[in-house]
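[1] Coordinates for the following, if possible.
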Amino acid sequence: MTKSIVQLPKVELHYHLDGGLRPSTVRELAIEMGIALPDGEDELLRMLRVTNDCASLFEYLEKFQLPAALLQTAANLERAAYEAVEDASKTNVKYIEIRFAPQLHVEKGLTLEETITAVLAGMNAGEQATGTIARLTLICLRNHPIELNWQVLEQAKAFHGQGVVGMDLAGDEAGFPPELHQAVFEEAHRLGIPITIHAGEAAGAENIRTSIARLHACRIGHGVRLEQDPALMQVVREHRIALEMCLTSNIQTKASPTWNAHPIRRYYEQDLKVTVNTDNATVSNTTLNIEYERLMHYHDFRIDELERMNAYAIEASFAEEDIKVKLMREFFTSPDHECKHTE
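    Take a look at the predicted model:
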């Protein structure tokens, strides 16, 4: 790991809470909840992590079953959120947007409001302890009945401006196209809640187009298949729609066939607003520092280019405007830095 990567201040926009649980925390919580786990660490890690032999997004998502079972109490959710911020701070992340699907954490009796309150409490405590600013995005799930996603929207409306900064649609992209949940996101847009949508990861560019045109996405999670539609690339460029790219995850889910084939360098050179993210730190066995190192190794990114992508991330973040200004000043102290302002 180069010293410059470690020292570089960073922003992360695409981090799933349940995909980043520390293995040590998983074991402790499982003991508390009476959930049997294998004794060996290697066996436990195989339950939580994929390898580059992972066949698909569907197989990748199987690794969330154990974390979901553990994150069914307010205390466990709060702890996971605190540790997510703490872990981010260790890689010099100065601002992180954590996302989670509250409907996945009500199996033991919590209400949606209680799940969100717990996660925000953990994030706030982590922010106070580390100085890393943390905000929350609520996920609607593609495979859920739309009624459940209307309930998530009601919570987003209630908590917007109190730590919740946006909404997302995630899950089985190939099986459930975004237009199934168009009405929910149209209403979120009307309410002024910023929207990011997982698209162009396990299905084609048409899902990106729909997410922008009909679900009002101002950011796209992954977007690997955007280049299938050159006209859409122009739309994304002109409207400064940021791409939340996750190199390691995209290789593991087969969104990209090889490290070198991944489009991130091509997108960057075509002036798309590319950002760098871990997606699921534990499932993918990565950190933001590792992602940066792989971008330098496989795609010849320079430190100044990684800095520029952090400027894109600040600009595209759902943070309050004063936070964006603070981050820009902290990241880019030179008065003539070309990325010194948001637009």
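
[2] from the chain's centre, how far out does stretch 303-314 sit?
    Relative to the chain's own centre, stretch 303-314 is displaced by 17 Å; criterion: C-alpha atoms, centre = their mean, to the nearest Å.

[3] Just the buried positions in that stretch, please.
    305, 306, 307, 308, 309, 310, 311, 312, 313, 314 (16 or more other C-beta atoms under 10 Å). For the C-beta atoms, the positions are set from N, CA and C on the backbone; glycine is no exception.

[4] Throw the residues you listed into TSV and include distance to residue 201 and pLDDT, thanks.
    Shown next, in TSV, are those (distance: C-beta to C-beta, whole Å; pLDDT from 0 to 100):
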residue	distance to residue 201	pLDDT
305	23	97
306	22	97
307	26	96
308	24	97
309	19	98
310	22	98
311	24	97
312	19	98
313	19	98
314	24	98
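
[5] Out of these, which is nearest to residue 22?
    Nearest to residue 22 out of the buried residues of stretch 303-314 is residue 313 (C-beta to C-beta; 24.3 Å).

[6] Hmm, that closest one is touching residue 15, no?
    No - between residue 313 and residue 15 there is no contact, the gap being 11.9 Å when judged by C-beta atoms under 8 Å.

[7] hang on, residue 165 in a strand?
    Yes - judged by DSSP: H, G, I helix; E, B strand; the rest coil, residue 165 forms part of a strand.

[8] Give me the contacts around the longest helix along the chain.
    In terms of residue count, the longest helix belonging to the chain (DSSP state H) is helix 112-130. The set of residues external to helix 112-130 that reach it, using C-beta atoms under 8 Å, 6 or more residues apart in numbering, is 17, 74-75, 77-86, 88-89, 98, 100, 102-103, 105-106, 110, 132-136, 138, 151-152, 155, 158-159, 162-164.

[9] Now, the residues you listed that are in strands?
    Within those, residues falling in strands by DSSP state E are 98, 100, 133, 134, 135, 136, 138, 164.

[10] and the last one, how many neighbours?
    The local packing count at residue 164 equals 21, with neighbours defined by other C-beta atoms under 10 Å.

[11] ok, and the closest non-adjacent residue to it?
    Spatial nearest neighbour of residue 164, excluding adjacent residues (C-beta to C-beta, 6 or more residues apart in numbering): residue 136 at 5.0 Å.
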